[in-house]
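Student: Here is a sequence with its predicted model. Questions after.
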Amino acid sequence: MIPAAFDYVRPGSIEEALAALADPDAKALAGGHSLIPALKVRLARPSVLVDLRDLDLRGVAIDEAAVTIGALTTYGEAARALAGVSGVDALREAIGSVGDLQIRNAGTIGGCIAHADPASDVAAAVLALGARLTAQSPAGTREIAADDLFLGPFTTALAAQELITEITIPRGGGSAYASVEDLASGYPLAGAAVRLARAGESDGSCRVALTGALGAPSRLPSVEALIEREGVEADLSAALSALELATDDVAYRRHLVEVVVRRAAARAVERSAA
Amino acid sequence: MGGTPTSVTLTVNGVERTLEVEPRMLLVHALRDDLGLTGTKVGCDTSQCGACTVHVDGRAVKSCTVLAVQATGAEVTTVEGIGSLARLHPLQAAFVEQDGLQCGFCTSGMIMTALDLLARDPDPDGETVRHALAGNLCRCTGYETIVDAVRAGAATMRSPA
């Protein structure tokens, strides 16, 4: 499959990249593992690709409070950097669930989040862990809470001429990500990330995020409230049956959603107690 | 309508090559059609089967999902770059000895992905090999002999020459 023709630029700085993105038909290229398949089936037909590869946005910084990931860090680089790092288990597990070895070598964390696939593993983890994104545009730099980012399928709060530069994930609590994947595509049919506070932690809230079965990766406030009130053994079926699933196999998906939420919650409980 | 041809200089199997390509040309087509390196296969063409796996800067990637222009300045290694008929790479020899192939279409991709794994984990157990090869499909073997071949090749690679 051959993409429609486009021009290609490879800017050396983020300012140049943002300038190139002023063209409304331009598209930013990070790892390309969502964009290039879309180009090949001609779902996307940009006039120019702005390759971000040379920008200095790679690497993982870890301190006591948080993990900060450069937007162009690949899944594989992030997974290796996060091996053995506590307090971000859901993120590490979500990254490990993405695609396969080759895809994790090429796809980037920032590209994944900006693409906002409704079945993104990583999106569920950044929602449950309360990540903050730093984004840069010609107007300057701003912080966006993951909670405010995902607006719909492949739709985010990012402006056309705005790029994620880094992702900051607070460390703490006990968290986990669980999914059931479509075997052919590797995308989750349902994936859930759950974060629970440890005893004595100031942020005592429970956060649950779902991907793969909704129009966009989303928190599940009714499930969070139920778990806070009754613990992870709570009967989630009523809360889950109220969800509007974006799928035609609703009964099956609803079952999978309950399975993945329970699996993630069970592991998150163990980790919050450990 | 865009598509201005652009010059790409990259190193393929240790040799610097310069190509004039349209930006939309996929790396796999540049390797096969422009450079004649047909050991790298186009299987599914949808990033799923792994037959097109090559190394870019030491990491296994699916060359049907990389633009040739993205490889500007990169070191690309294809299956032709790891051994020759006269002098097979230990992992290639292991695929022959362990019957790790039937039709052979997936084999170069399997080998290139497995080499990425072995660079980081020289002695993987079967489960680790299976996990690493999840993005490489074989429709013939049932995978058992492929896992055997990777582990046998790894053992040879670990032993002093």
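Tutor: Nice, thanks for sending it over. Residues are numbered from 1 along each chain as shown, chains lettered A, B, ... in the order given.

Student: What parts of chain B come near chain A?
Tutor: Residues of chain B lying close to chain A by C-beta under 8 Å from any C-beta of the partner chain are B:1-4, B:6, B:22-24, B:26, B:45-48, B:50, B:53, B:59-62, B:65-67, B:69-70, B:72, B:113, B:116-117, B:132-136. All C-beta atoms are positioned from the backbone trio N, CA, C, and that covers glycine.

Student: Drop the exposed ones from these and show what's left.
Tutor: With neighbours counted by 16 or more other C-beta atoms under 10 Å in any protein chain shown, the residues of chain B next to chain A contain buried members at B:2-3, B:6, B:22-24, B:26, B:45, B:47-48, B:50, B:53, B:59-62, B:65-67, B:69-70, B:72, B:113, B:116-117, B:132-133, B:135-136.

Student: now A:Ser34: how far from B:Ser47?
Tutor: Counting by C-beta to C-beta, to the nearest Å, the gap from A:Ser34 to B:Ser47 is 10 Å.

Student: Buried by neighbour count: which residues of the one helix or strand in chain A whose mean pLDDT sits lowest qualify?
Tutor: Lowest by mean pLDDT, DSSP states H and E among the helices and strands of chain A is helix A:237-241, with a mean of 88. Under the neighbour-count criterion of 16+ other C-beta under 10 Å, helix A:237-241 has A:Ala239, A:Leu240 buried.

Student: What helices and strands are in contact with that helix?
Tutor: If you count contacts as 3 or more C-beta pairs under 8 Å, 6 or more residues apart in numbering or on different chains; DSSP states H and E, helix A:237-241 packs onto helix A:221-230, helix A:250-273.

Student: Could you list every helix and strand that the longest one packs against?
Tutor: For helix A:250-273, the contact count by 3+ C-beta pairs under 8 Å, 6+ apart identifies helix A:89-97, strand A:174-181, strand A:188-196, strand A:207-211, helix A:237-241 as packing neighbours.

Student: any idea of the angle that helix forms with strand A:174-181?
Tutor: Using axes from the mean of the first three to the mean of the last three C-alpha atoms, to 10 degrees, the direction of helix A:250-273 lies 150 degrees away from that of strand A:174-181.

Student: Give me the below-cutoff pLDDT ranges for the chain.
Tutor: Since you didn't name a chain, this refers to chain A. Residue ranges of chain A with pLDDT under 70: A:202-204.

Student: Switch to chain B, please.
Tutor: Along chain B, segments meeting pLDDT under 70 span B:1-2, B:161.

Student: Strands of that one, residue ranges please.
Tutor: Secondary structure of chain B by DSSP state E: the strands cover B:6-12, B:15-21, B:53-56, B:59-62, B:75-77.

Student: what's the angle between the first one and strand B:15-21?
Tutor: Right, the one you point to is strand B:6-12. 160 degrees.

Student: what sits against B:Gly126?
Tutor: Neighbouring residues of B:Gly126 by C-beta atoms under 8 Å, 6 or more residues apart in numbering or on different chains: B:Val147, B:Arg151.

Student: And for A:Ile62, nearest residue in space, chain neighbours not counted?
Tutor: A:Val85 (5.8 Å; C-beta to C-beta, 6 or more residues apart in numbering or on different chains).

Student: pretty sure the one you found is touching A:Ile95, no?
Tutor: No. Counting by C-beta atoms under 8 Å, no contact exists between A:Val85 and A:Ile95, whose distance comes to 11.7 Å.

Student: So between those two, which is more surrounded?
Tutor: A:Ile95 (26 against 14; other C-beta atoms under 10 Å in any protein chain shown).

Student: I'd like to know how far the more buried one sits from A:Leu127.
Tutor: A:Ile95 is 14 Å from A:Leu127, by C-beta to C-beta.

Student: repeat for A:Ala242
Tutor: Note on A:Ala242: its distance to A:Leu127, by C-beta to C-beta, is 19 Å.

Student: one step back: do you know which of the helices and strands packed on helix A:250-273 lies nearest B:Gln92?
Tutor: Ranking the helices and strands packed on helix A:250-273 by proximity to B:Gln92 (C-beta to C-beta) places helix A:89-97 first, at 29.2 Å.

Student: chain center to the closest one, what's the gap?
Tutor: 10 Å (C-alpha atoms, centre = their mean, to the nearest Å).

Student: The next helix or strand after that helix packs against which elements?
Tutor: Once the chain leaves helix A:89-97, the next helix or strand it forms, by DSSP states H and E, is helix A:101-106. The contact analysis (3+ C-beta pairs under 8 Å, 6+ apart) places helix A:101-106 against helix A:75-82, strand B:59-62, helix B:107-120.

Student: any idea which of those is most buried?
Tutor: Greatest average neighbour count among the helices and strands packed on helix A:101-106 goes to strand B:59-62 (a mean of 28), per mean count of other C-beta atoms under 10 Å in any protein chain shown.

Student: Name every strand pairing with that strand and say which way it goes.
Tutor: If you go by DSSP bridges, strand B:59-62 pairs up with strand B:53-56 (antiparallel).

Student: Next, the buried residues of the partner strand.
Tutor: Residues of strand B:53-56 classed as buried by neighbour count (16+ other C-beta under 10 Å): B:Thr53, B:Val54, B:His55, B:Val56.

Student: okay, it in PDB with CA atoms only?
Tutor: Taking Å, rounded to 0.1, in the frame of the first residue of the first chain, the C-alpha atoms of strand B:53-56 are listed here in PDB:
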ATOM      1  CA  THR B  53      11.700  -6.600  10.200                       C
ATOM      2  CA  VAL B  54      15.100  -4.900   9.800                       C
ATOM      3  CA  HIS B  55      17.300  -3.200  12.300                       C
ATOM      4  CA  VAL B  56      17.400   0.600  12.400                       C
END
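
Student: Would you tell me what helix or strand the residue of the stretch 151-274 of chain A found nearest chain B is located in?
Tutor: Closest residue of the stretch 151-274 of chain A to chain B, C-beta to the nearest C-beta: A:Ala184 (6.9 Å). Under DSSP H and E, no helix or strand contains A:Ala184.

Student: ok, now which ones touch it?
Tutor: If you count contacts by C-beta under 8 Å, 6+ apart, A:Ala184 has them with B:Gln48.

Student: Please repeat the previous calculation with a cut-off of 10 Å.
Tutor: Neighbour list for A:Ala184: B:Cys44, B:Thr46, B:Gln48, B:Leu137 [criterion: C-beta atoms under 10 Å, 6 or more residues apart in numbering or on different chains].
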